[in-house]
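**Student:** here is the input, now give the coordinates:
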Amino acid sequence: MGAVPVASYQWWQSWFSDTRPVIERVQKYSGKVSLLYGANDPQTPPERQLKALKSSAALADNWRSRVFPNLGHTLGPDVLMGPMDLGAQNFLLQEVERVSLSN
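**Tutor:** Numbers count the residues shown, from 1 in each chain. Take a look at the predicted model:
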C-alpha cells in the first residue's frame, strides 16, 4: 500500500490560504511549458498572467503562451464552462506532442 498515492479532499483549501505567487514556485523549473488562455476568461485574465510571466526573464526561453480570442476559461465559447473549442483542442494536442518530444 506504500506505493499508492493518497490525497486529502482538503487539497483545494491551499488555493485560498496560500498567498505566494505561482511565479515564485516555478522560477526554478527548467522544462517546457505552454500557457493557453481564453481572452474572455474572468478567472485567470491572460493580461495579468502574461505580465507576471514577462517579469521573469529567466522563464522566457522555456515558456510559450497563446491567447485564444473569444474563448473563456475552459477554452470554449462560454466564459467559464466547456466544451472546449475544437480549434483550441487541436492546438492543445499539438502542444502536448511538441513539449513531450522536446524533453
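**Student:** is residue 35 located within a strand, as I assumed?
**Tutor:** Yes: per DSSP: H, G, I helix; E, B strand; the rest coil, residue 35 lies within a strand segment.
**Student:** doesn't residue 68 make contact with it?
**Tutor:** No: in this structure, residue 35 is not within contact of residue 68 by CB atoms under 8 Å, at 11.4 Å. Bear in mind the C-beta positions are built from the backbone N, C-alpha and C, glycine included.
**Student:** who has more neighbours out of those two?
**Tutor:** Shown here are residue 35 and residue 68; by other CB atoms under 10 Å, residue 68 has more neighbours (20 against 15).
**Student:** quick check: pLDDT value at that one.
**Tutor:** Per-residue pLDDT puts residue 68 at 97.
**Student:** that one and residue 36, how far apart?
**Tutor:** 7 Å (CB to CB, to the nearest Å).
**Student:** which neighbours do these two share?
**Tutor:** Overlap of the contact sets of residue 68 and residue 36 (by CB atoms under 8 Å, 6 or more residues apart in numbering) consists of 75, 88, 91.
**Student:** what is the neighbour count of the first one?
**Tutor:** Residue neighbour count, defined by other CB under 10 Å, stands at 21 for residue 75.
**Student:** ditto for the second one
**Tutor:** Residue crowding around residue 88 was assessed by other CB under 10 Å; the count is 17.
**Student:** and for it, nearest residue in space, chain neighbours not counted?
**Tutor:** Spatial nearest neighbour of residue 88, excluding adjacent residues (CB to CB, 6 or more residues apart in numbering): residue 75 at 3.9 Å.
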